[in-house]
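> A predicted structure for the sequence below; I have some questions about it.
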Amino acid sequence: MTDTARYERSDFQTDQEVRWCPGCGDYTILASVQTYLASLDIDREKHVFVSGIGCSSRFPYYMNTYGMHTVHGRAPAIATGVAAANPDLTVWVITGDGDGLSIGGNHLIHALRRNVNLNIILFNNQIYGLTKGQYSPTSEVGKTTKTSPMGSIDRPFNPVSLALGAEASFVARSIDMDRNHTIAMLKAMHENEGAGFLEIYQNCNVFNDKAFMDLTDKSTRDQNRIWLEHGKPIIFGEEDEYGVIVDAHGARIVEVADVGMNSIHVHDAFAPNPAAAFALSRIAQGPYGPTPLGVFRDVEAPGYGVMMERQIAAAQEKRGPGDMHKLVRSRGTWMVDA
């Protein structure tokens, strides 16, 4: 970042009409991303936004950068190719809970497992919005929708737990309406050179309105937002009266007065072992009641692109640069006469 920004947010806006429902949380996320990118000393042409299918996946149309609106669930796979072939680019993946965790779940976990240098933003509104209100992989048990008229019986994914289980090098969570926090999470993810995963709770005011009220309403948010900050004890509440303990049984909430500050877990986002971060992710099975927000994990790990480049360089040093003409005409091929 520079003292004098090269860009303003408007430099990342396009001439396309932003076509989301009035009041949709996607507007705020778009503004946060554009604001963050404007603060960087990076050419617009060095950013690529790759999306799948869903409301959030209209994102590339609204970013004055390179972009690809791809097919359902395949954004991580296509973005992997873009990043691997163009290591000088900053590649962003835009997906949703339906796109990224249903048909795209396999592509997502393997992009994270391989530690591809991607910045993955998952908009979680706990519903299929584009197709008009069906339950999604993150909808709560009992959710009544057009495809679950008697209530969903599916256990929902916890996206942060899933990303930690795949051992992504960066995992965080934010809320659409908190722009400052979202921008801080974007910055932290972008500075990590491995696979980054940011879940953003995003309100769908048409098909799943007020799903995140515990975390957004002024009367309840201080009691339910558990801010994760590296090196600090995890305490929360209107008067920091609650804290989190992590032990062999997992993470649990206690009253600080009952256990003392020395017993409260001090968050270590840089811990190589994701066990404590995973335990923290299990405190809440959705945005109901006390819920951790912030960076769960931020570690250095060998990147897929770097290792691939090393292998290519080693092969070229040993065998030469290669010849595609010879390769396709080598053993294992044949010719069919007309």
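Structure's in. What do you need?
> so how far is Arg19 from Tyr201?
Tyr201 is 22 Å from Arg19, where distance means C-beta to C-beta, to the nearest Å. C-beta here means a position set from N, CA and C on the backbone, and glycine is covered the same way.
> more neighbours, these two?
Taking neighbours as other C-beta atoms under 10 Å, Tyr201 and Arg19 compare with Tyr201 leading, 24 against 10.
> could you tell me the phi and psi values at that one?
Main-chain torsions, Tyr201, degrees, to the nearest 10: phi -70, psi 120.
> enumerate every residue touching it.
Each residue near Tyr201 by C-beta atoms under 8 Å, 6 or more residues apart in numbering is listed here: Gly25, Asn124, Asn125, Arg173, Ser174, Ile175, Asp176, Ala211, Phe212, Leu215, Pro287.
> can you tell me the centre-most residue of the protein?
Note on the chain: the residue nearest the mean C-alpha position is Leu198, at 2.7 Å, using C-alpha atoms, centre = their mean.
> quick check: which of the contacts of Tyr201 has the minimum pLDDT.
Minimum pLDDT for the contacts of Tyr201 is recorded at Pro287 (82).
> which residue, other than its chain neighbours, is closest to it?
Phe212 (4.5 Å; C-beta to C-beta, 6 or more residues apart in numbering).
> do I have it right that that neighbour meets Tyr288?
No: judged on C-beta atoms under 8 Å, Phe212 makes no contact with Tyr288 at a distance of 9.1 Å.
> who has more neighbours, the two?
Counted by other C-beta under 10 Å, Phe212 and Tyr288 do not tie: Phe212 has more neighbours, with 25 against 14.
> so where do the helices sit in the stretch 201-338 of the chain?
Shown for the stretch 201-338 of the chain, the helices assigned by DSSP state H, counting those that start in this stretch span residues 213-216, 221-224, 256-259, 275-281, 304-319, 324-328.
> so which bits of stretch 115-131 are buried?
Buried residues in stretch 115-131, counted by 16 or more other C-beta atoms under 10 Å: 115-130.
> give me the low-pLDDT residue ranges for the chain?
Under the criterion pLDDT under 70, the flagged ranges of the chain are 1-4, 333, 338.
> tell me the domain boundaries of it?
1-211+302-338, 224-290 (automatic domain parsing).
> the shortest one: end-to-end distance?
Criterion C-alpha to C-alpha, to the nearest Å; first-to-last residue distance in domain 224-290 is 4 Å.
> what lines up beside the strand or helix carrying the residue nearest to the centre of the chain in the sheet?
Assigned by DSSP states H and E, Leu198 belongs to strand 196-201. The strands beside strand 196-201 in its sheet (DSSP bridges) come out as strand 119-124 (parallel), strand 170-175 (parallel).
> with distance to Gly243 added, can I get those strands in JSON lines?
Formatted as JSON lines, these follow (distance: least, C-beta to C-beta, whole Å):
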{"stretch": "strand 119-124", "distance to Gly243": "26"}
{"stretch": "strand 170-175", "distance to Gly243": "19"}
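> winner for burial among the helices of the stretch 201-338 of the chain?
Using mean count of other C-beta atoms under 10 Å, the stretch among the helices of the stretch 201-338 of the chain with the largest mean neighbour count is helix 275-281, at a mean of 21.
> show residues contacting it.
Here helix 275-281 has contacts from 158, 160-161, 164-165, 171, 228, 234, 244, 246, 250-251, 265, 267-269, 271, 292, 296-297, using C-beta under 8 Å, 6+ apart.
> likewise stretch 218-236?
Contacts of stretch 218-236 (C-beta under 8 Å, 6+ apart): 213-215, 237-238, 242-244, 256, 261, 264-270, 280, 283, 289-296, 298.
> these in strands, which ones?
Applying DSSP state E to those, the entries found in strands are Tyr242, Gly243, Val244, Thr291, Pro292, Leu293, Gly294, Val295, Phe296, Asp298.
> the last one pairs with what?
Each beta-bridge partner of Asp298 is listed here: Phe170, as defined by DSSP bridges.
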